[in-house]
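Colleague: sequence first, then the predicted structure:
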Amino acid sequence: MADSMNTGPTGVRGVVIGRTQSGIESVIANARVQLQLSPASAKTSGSAAQPPSVVTDAKGRYFIQCDPVQVTVQAFAFGSQGTVTVEVPAGGVVEAPPIQVPLSFELKLRKRGNDLETINTVQHAVVGEPMLAYVDDPTNLIGQTIWCPPPGARAMESDDGLELRFEYAGKSKIEATLIAAAVSYSAAGQPAAPGPLAEVNLSQPISVSEAPVRTIGGDVRVRLQRAASEPTLDEALWHAIRDRTHAISFERYRKFLNRVLLWEENAPMPGPIERRLRDLGANLHGTGAYQVLKTATEVFLLLECGVRIGRHHHHHDHDEFATASLAGAGRRSGGDCGELAERLSQYLGCPPQLPYIRRVVEAAFPQYELSAAAGHRLLVDKINEPCLLELIWSYWHEEGMLMQTINAITRRFQNVRKPGDRDPLLNVEIDPLRPANNILWGYVQDEPNRLTVARRASEYAHEYGLALYGKALPSIQPADTRSKFLEAFHNLLYQSSVFFKEDAQTTVIADGYPLLNALKDVHLILAQGAHNEFGDLPWTARAEMLLVQFILGRPEIRDFLQSRAMVPYREPWMPQVDAMKTLQGWTDVTVTHFRDLGVYGEQILLSVRYGDWTNVDNEDSAKNWARFHKEILYAYWNAHRAVTGIDLTNPDTVDSTLPAILLQRRLAVQQQRVR
């Protein structure tokens, strides 16, 4: 097919183009199409040979060259045949009418009767009642059926078809891709040469009615409760985001490195990875140990990123929000993480792609399907499974002095004195008998290959309009910045607080449209900043900062910084950062709050960035978004107030002042009080 389409008309030959289909909407892919010349036309053309045949593409299209004669175009698929007759002009192109290939199968619904014995074919479904969608195939020409479950229905494939249970009333549609059992086209009723199997997409619209109302007698008590909203399919995306962000958390990263360094030998690494890491760390001296950690960090992110729901780590995750969310979702849906994964597959559709990404590809790259078929592809992995990373995680950790802490340690490691009368790290010595010494050597030697603070600051401005201020940061002039992001984001957080106040009142139905509009505003601003270094720089920054956290969490660093032992930190690197801030006279706000802003801010923005909010007009999606992220939003509000002094739930104090400016003001007040 590709060869035919890439060859243009030559001489006086004509071209026939068209498509094959069954019905109005169901196109047939991989159907065999060939031309049949009438005896008179064959005599006129001077050739008794039949023109070459082609196979239709994924959209049922074909393209054939032939002599300028009257021809019959024949299409063969699923043991059936369709024809049209066209007159081919000399050196021109003729578009043939669609070839209708009659198919003898259709999608149907059936359910058990009230006596549980009889099975009836039905035309509509009822909320809560089990149904079975199946393909009626009397000719047994279907080899495989790929189901695309309808939105808003719990679905499970079986040998008989697709078992369904709809959760709410309305219009719906069942879709399936049918693949032929064998190559069933021929020129004259004979089997043709082996080739691709014919495919056709069938759909069956159905109506889903409410379950019948049952009358209840006796003493019926009335209780007010919060107004409920209909479940929406995009909840599966939020579960995937929370799942993947916790999959790349520091605790899981630390356990992964312990496996790499053979500190926990009960879980071996895959063979190729283990050999590569062993080769890098073969020597006790030099940068080998650091290169092992650097490579292992990138492998860790490659293994854990993506749009999916894992099956092995949820119940062992130390973050209470992740555990509570996944467990609660399983109870609400009556299933487990496997059912959440099934809901996610329904949301992604066929082929599995985020609706937002699919919308972008269809609008900006309409030629994508044709170029992919010809071998000229976009970055398919970034289209089908983008890495769920958000740069705001790195921004807040940087504001929390994570990178400044490691920079101070590496300066002292190189025997560089801090400017001023007194160097607080003057007595710091890291003995060479423990791993941190060698790892720090590799970290210092690899400095030319790491991101500079200016590179990160430029991308913070490009994606969020956020700025960094400090002595180590030269003045930068970004070419593009999101000046309205902070205003829109803070408005979203404020509208969320308003919704929660209304939603907590049982006599009020909370309005979700202000929240929905705020989500759309932030979504569009984030989309405008998703260019240039978007994706690669956040990936690199995350890998570098995870490695820094691992170094700071080493016992050697803890020993000489003498952090406070009684403070309940969540992660082992955090005490060292707070201890360094005390030594250097930096902000006295604990790094715990900066960590919370990064972790929870990332989950919030990922759900806004990758949700298909421009196509959402139902306020239930916004309500469900707020209720799903309630714990995270409250945690973000609290951390933001602790760090900047600004309460995002108070309309009198919410503004778009940059966090870096607020931090400088608070630091100046802190230093005045110390004096």
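Modeller: Perfect, I can see it now.
Colleague: low-confidence ranges, the stretch 551-675 of the chain, go.
Modeller: Along the stretch 551-675 of the chain, the parts satisfying pLDDT under 70 run over 674-675.
Colleague: domain parsing of the protein, as residue ranges.
Modeller: 2-100, 106-209, 235-384, 392-468+482-674 (automatic domain parsing).
Colleague: and the ones you listed, which one averages the lowest pLDDT?
Modeller: Sorting the domains of the chain by mean pLDDT places domain 235-384 lowest, at a mean of 68.
Colleague: how long is it end to end?
Modeller: Terminal residues of domain 235-384 lie 19 Å apart, using C-alpha to C-alpha, to the nearest Å.
Colleague: now do stretch 87-100
Modeller: Stretch 87-100 end-to-end distance (C-alpha to C-alpha) = 18 Å.
Colleague: and the nearest residue to Q445 once chain neighbours are set aside, what does it touch?
Modeller: Spatial nearest neighbour of Q445, chain neighbours left out: T287 (5.2 Å); criterion: C-beta to C-beta, 6 or more residues apart in numbering. From N, CA and C alone the C-beta is placed, and that goes for glycine too. By C-beta atoms under 8 Å, 6 or more residues apart in numbering, the residues touching T287 are 441-442, 445-446.
Colleague: emit the PyMOL select command for whichever of those residues are buried.
Modeller: In PyMOL syntax, the buried subset of the contacts of T287 is picked out as below (16 or more other C-beta atoms under 10 Å):
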select buried, resi 441+442
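Colleague: now the two most distant members of the contacts of T287.
Modeller: Maximum pairwise distance among these (C-beta to C-beta): 9.7 Å, between W441 and D446.
Colleague: between these two, which contacts overlap?
Modeller: Common neighbours of W441 and D446 (C-beta under 8 Å, 6+ apart) are 287, 290.
Colleague: quickly find the element holding R244.
Modeller: Per DSSP states H and E, R244 falls inside helix 235-247.
Colleague: and the end-to-end length of stretch 106-121?
Modeller: Stretch 106-121: ends 13 Å apart by C-alpha to C-alpha.
Colleague: swap in stretch 141-157?
Modeller: Using C-alpha to C-alpha, the two ends of stretch 141-157 sit 20 Å apart.
Colleague: any idea how far that stretch is from the chain center?
Modeller: Centroid separation for stretch 141-157 versus its chain: 22 Å, with C-alpha atoms, centre = their mean, to the nearest Å.
Colleague: flag every buried residue along that stretch.
Modeller: So, applying 16+ other C-beta under 10 Å, buried residues of stretch 141-157: 141-142, 145, 147-155.
Colleague: helix or strand next in line after the helix or strand where I383 lies, which one?
Modeller: Secondary structure from DSSP H and E places I383 in helix 380-384. Downstream of helix 380-384, the next assigned helix or strand under DSSP H and E is helix 392-399.
Colleague: I'd like to know which elements that following helix is packed against.
Modeller: The contact analysis (3 or more C-beta pairs under 8 Å, 6 or more residues apart in numbering; DSSP states H and E) places helix 392-399 against helix 453-464, helix 536-552, helix 591-609, helix 659-674.
Colleague: so which of these is nearest R359?
Modeller: The nearest among those, by C-beta to C-beta, is helix 591-609 at 13.1 Å.
Colleague: tell me the angle of that closest one relative to helix 659-674?
Modeller: If you take axes from the mean of the first three to the mean of the last three C-alpha atoms, to 10 degrees, helix 591-609 sits at 170 degrees to helix 659-674.
Colleague: quick one: buried residues of helix 591-609?
Modeller: Neighbour count says helix 591-609 has 591-609 buried, by 16+ other C-beta under 10 Å.
Colleague: ditto for stretch 648-666
Modeller: 648-649, 654, 659-660, 662-663, 666.
Colleague: what would these look like in TSV with distance to W238?
Modeller: Converted to TSV, the buried residues of stretch 648-666 look like this (distance: C-beta to C-beta, whole Å):
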residue	distance to W238
L648	21
T649	22
V654	25
P659	25
A660	30
L662	29
L663	30
R666	33
